[in-house]
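K.L.:
return atomic coordinates for the entry below.
(one chain, ligands or ions: 1)
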Amino acid sequence: MPAAMLTRIDHVGIACRDLDATVALYESTFGLTVVARETHEDQGVREAMLVVADGRDNPAALGGSYVQLLEPLREDSPVGKFLARNGEGVHHIGYGVADVGAALATIGASGIRLVDERPRHGSMGASIAFLHPKDLGGVLTELVQAAPAT
Ligand code: MC0
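P.N.:
As a prediction, this is how the structure comes out:
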């Protein structure tokens with residue numbers, strides 16, 4: 001068994017049809033605050049990150065935790081296809097790691113299918129990689145190495 005490599009739940013990614021309406025729902029229901037809004041053309045998605053815990057109270061966790069609301073830019077994108085199949089709901093879980101490249105190498109060697117063979121750019125300057133849901137109990141899983149604190 002490898003040494004524990006997940007440092008926190010970085011975010012829960014939630015697929016929605018109307019980003020602005022869903023942001024308003026999470027703000028009014030939970031008092032959450034949007035800390036970033038980004039469009040990722042390569043992923044076919046626009047998104048909002050709402051902070052749950054900023055991580056300053058727990059430096060060992062190497063980052064904060066968030067709700068990530070995702071609206072597809074196109075029907076043939078990962079979130080567009082997910083919505084057509086399942087409707088709105090939890091799309092993926094993102095876990096914090098100290099070193100996403102090292103985590104990918106260890107997990108890949110264990111036989112889990114990697115969606116991303118190499119880390120790429122994610123929300124808020126993070127370095128990320130996805131693991132295939134079919135090898136992880138039906139859960140699309142993302143590894144997140146947060147950008148260094150400024
Ligand atoms: C697809 N499947 C899922 C799923 N998406 N299962 C659980 N959770 C999901 N989110 C299942 C389908 O139901 C299907 O099952 C099988 O996987 C193949 O799905 P597909 O859509 O027909 O096939 P692919 O191969 O085109 O796509 C699947 C794959 C893709 C996971 C490779 O969705 C992908 O590359 N996802 C990673 C990127 C992503 O999700 N980006 C959006 C968030 P059956 O049983 O019918 O075979 S971007 C983001 O979040 C970034 C900005 C960030 O956090 O920083």
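K.L.:
who touches the residue of the chain found nearest the ligand in this structure?
P.N.:
Residue nearest to the ligand within the chain: Gly122 (2.7 Å; CB to the nearest ligand atom). To be clear about C-beta, it is placed using only N, CA and C from the backbone, and glycine gets the same treatment. By CB atoms under 8 Å, 6 or more residues apart in numbering, Gly122 lies in contact with 40, 128, 142, 144.
K.L.:
strands - which of those land there?
P.N.:
Mapping these onto strands (DSSP state E) picks out 40, 128, 142, 144.
K.L.:
kindly state the beta-bridge partners for the second one.
P.N.:
With DSSP bridges applied, the residues forming beta bridges to Ile128 are Arg120, Val144.
K.L.:
try the first one
P.N.:
For His40, the residues forming beta bridges with it (DSSP bridges) are Val45.
K.L.:
where's it relative to Met49, distance?
P.N.:
Distance, His40 to Met49, using CB to CB, to the nearest Å: 12 Å.
K.L.:
and the contacts of stretch 34-45?
P.N.:
Identification of contacts with stretch 34-45 by CB under 8 Å, 6+ apart yields 23, 27, 46-51, 66, 70-74, 76-80, 122-124.
K.L.:
export the contacts of Gly122 as JSON lines, with columns for pLDDT, distance to Gly89 and neighbour count.
P.N.:
Shown next, in JSON lines, are the contacts of Gly122 (pLDDT from 0 to 100; distance: CB to CB, whole Å; neighbours: other CB atoms under 10 Å):
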{"residue": "His40", "pLDDT": "96", "distance to Gly89": "20", "neighbour count": "16"}
{"residue": "Ile128", "pLDDT": "98", "distance to Gly89": "21", "neighbour count": "19"}
{"residue": "Glu142", "pLDDT": "98", "distance to Gly89": "16", "neighbour count": "24"}
{"residue": "Val144", "pLDDT": "98", "distance to Gly89": "20", "neighbour count": "28"}
